[in-house]
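Enquirer: pasting the structure only:
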């Protein structure tokens, strides 16, 4: 006599499902899975049981994603927004880097060089492409500078 499990498997095969189910997380479309996973992640963070990545773990996850070719490629606006959010979160946690005067001076020098190169249309590939600090850090440095007093 066939068990209920055997009967269910026979029904699946007869329906052309070849043993796959129409139920469960794995059978959902990607968007529905993301929605459910997001809710679970938010709940874990609220509860305090979410995994907090170390910088090394995050670096490894990013490297693996890039190797697989499924890492998100940020456009400049998305990168600015991500940096703004990260900086804000770091300041709220008290873990943001506070520039000393030498670091601020160096960031300003790099920003000035990049600005001059952009105005002159220079496409020298050896030139630094980063301003060396966030807009907020530059604004704070400018407010503190005796030249702007």
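Expert: Structure's in. What do you need? It should be emphasised that the depicted structure is a prediction, and the values quoted were computed from it without experimental measurement. Numbering: from 1, shown residues only.
Enquirer: Please make it C-alpha for all contacts and neighbour counts, starting now.
Expert: Will do.
Enquirer: Three-state assignment for residue 38, please.
Expert: Counting by DSSP: H, G, I helix; E, B strand; the rest coil, the backbone at residue 38 sits in helix.
Enquirer: Number of residues surrounding it?
Expert: Counted by other CA atoms under 10 Å, the residues lying close to residue 38 total 12.
Enquirer: Likewise for residue 28?
Expert: Neighbours around residue 28, by other CA under 10 Å: 12.
Enquirer: Likewise for residue 50?
Expert: Neighbourhood size, residue 50 [other CA under 10 Å]: 13.
Enquirer: and what of residue 25?
Expert: Counted with other CA under 10 Å, residue 25 comes out at 12.
Enquirer: residues contacting it?
Expert: Contacts for residue 25 (CA atoms under 8 Å, 6 or more residues apart in numbering) come out as residue 33.
Enquirer: from here on, count from 43
Expert: Taking 43 as the first residue, the last one we looked at is residue 67.
Enquirer: pLDDT wise, what is it at?
Expert: With respect to pLDDT, residue 67 scores 89.
Enquirer: mind checking how far it is from residue 78?
Expert: From residue 67 over to residue 78 the distance is 9 Å, taken as CA to CA, to the nearest Å.
Enquirer: Is residue 75 within a helix or a strand, and which one?
Expert: Here residue 75 sits within helix 72-89, counting by DSSP states H and E.
Enquirer: Could you pull up the mean pLDDT of that helix?
Expert: On average, helix 72-89 scores 92.
Enquirer: Kindly report the same for stretch 127-137.
Expert: 90.
Enquirer: If we go by neighbour counts, what in that stretch is buried?
Expert: By neighbour count on 16 or more other CA atoms under 10 Å, the buried set for stretch 127-137 is residue 129.
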